[in-house]
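**Student:** What would the 3D arrangement of this be:
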Amino acid sequence: PIQIAMAMEAPDDLLQLTDLTTETIAGALEERFARKVSCTYAGDILIALNPYSWVDGAHSDEVASAYKGHAIGELPPHLYAITSAIHAAKDTRRHIVICGESGAGKTEAAKIVLRYLAFLEVDATPASPGGAPIPLLPSLLLRTN
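**Tutor:** Here you go, the predicted model:
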């Protein structure tokens with residue numbers, strides 16, 4: 001394994017590393033992963049490593065609520081942080097790119113993003129005459145999966 005020479009643990013944002021090399025980046029990701037921290041920023045990019053197991057509570061409604069309305073970097077790295085930032089952006093050309101090798105967790109990450117978009121839309125959705133929220137695109141997409 002690659003060792004990382006740091007006075008403290010690897011930062012939430014790789015851009016905070018004093019020496020940006022392949023070795024220090026890989027070492028920081030390895031060190032965070034060993035601590036069961038699967039998400040790391042590189043500026044406004046999120047690097048999410050597949051933990052190959054569910055982390056209890058990582059995607060709970062409580063965590064979802066905590067990330068709502070926060071900018072990237074205000075809370076620890078998470079798919080919710082990136083999704084919240086994209087959702088809040090005023091630019092209509094908003095994108096989330098999820099890529100990786102087979103087994104990297106792309107499908108699960110996409111499901112988490114869609115669930116969180118649906119969560120964010122519930123508060124932003126006007127109520128129907130009967131009082132129930134009118135389903136928007138994320139909610140409709142989730143029903144098809």
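
**Student:** Only C-alpha atoms from now on, for both contacts and neighbour counts.
**Tutor:** OK.

**Student:** Please name the residues that touch the nearest residue to residue 94 once chain neighbours are set aside.
**Tutor:** Nearest non-adjacent residue to residue 94, counting by C-alpha to C-alpha, 6 or more residues apart in numbering: residue 86, 6.1 Å away. Residues counted as contacts of residue 86 (C-alpha atoms under 8 Å, 6 or more residues apart in numbering) are 94-96.

**Student:** What subset of the residues you listed is buried?
**Tutor:** Buried residues within the contacts of residue 86, counting neighbours by 16 or more other C-alpha atoms under 10 Å: none.

**Student:** between those, which is closest to residue 38?
**Tutor:** Nearest to residue 38 among those, counting by C-alpha to C-alpha, is residue 96 at 17.9 Å.

**Student:** A helix includes the closest one, no?
**Tutor:** No - the assignment for residue 96 (DSSP: H, G, I helix; E, B strand; the rest coil) gives coil, which keeps it out of a helix.

**Student:** before we move on, the earlier item: tell me the predicted confidence for the residue nearest to residue 94.
**Tutor:** Among the per-residue scores, residue 86 holds a pLDDT of 89.

**Student:** Same question for residue 130.
**Tutor:** 62.

**Student:** Count the residues that sit near residue 22.
**Tutor:** One way to gauge burial is a neighbour count; for residue 22, by other C-alpha atoms under 10 Å, it gives 9.

**Student:** Equivalent analysis for residue 90, please.
**Tutor:** 9.

**Student:** Would you quantify the distance from it to residue 78?
**Tutor:** Relative to residue 78, residue 90 is positioned 21 Å away (criterion: C-alpha to C-alpha, to the nearest Å).

**Student:** Likewise for residue 24?
**Tutor:** Here residue 24 is placed at a distance of 21 Å from residue 78 (C-alpha to C-alpha).

**Student:** In terms of neighbours, single out the busier of these two.
**Tutor:** Regarding residue 24 and residue 78, a neighbour count based on other C-alpha under 10 Å identifies residue 78 as having more, with 24 against 20.

**Student:** Perfect, I'm done here.
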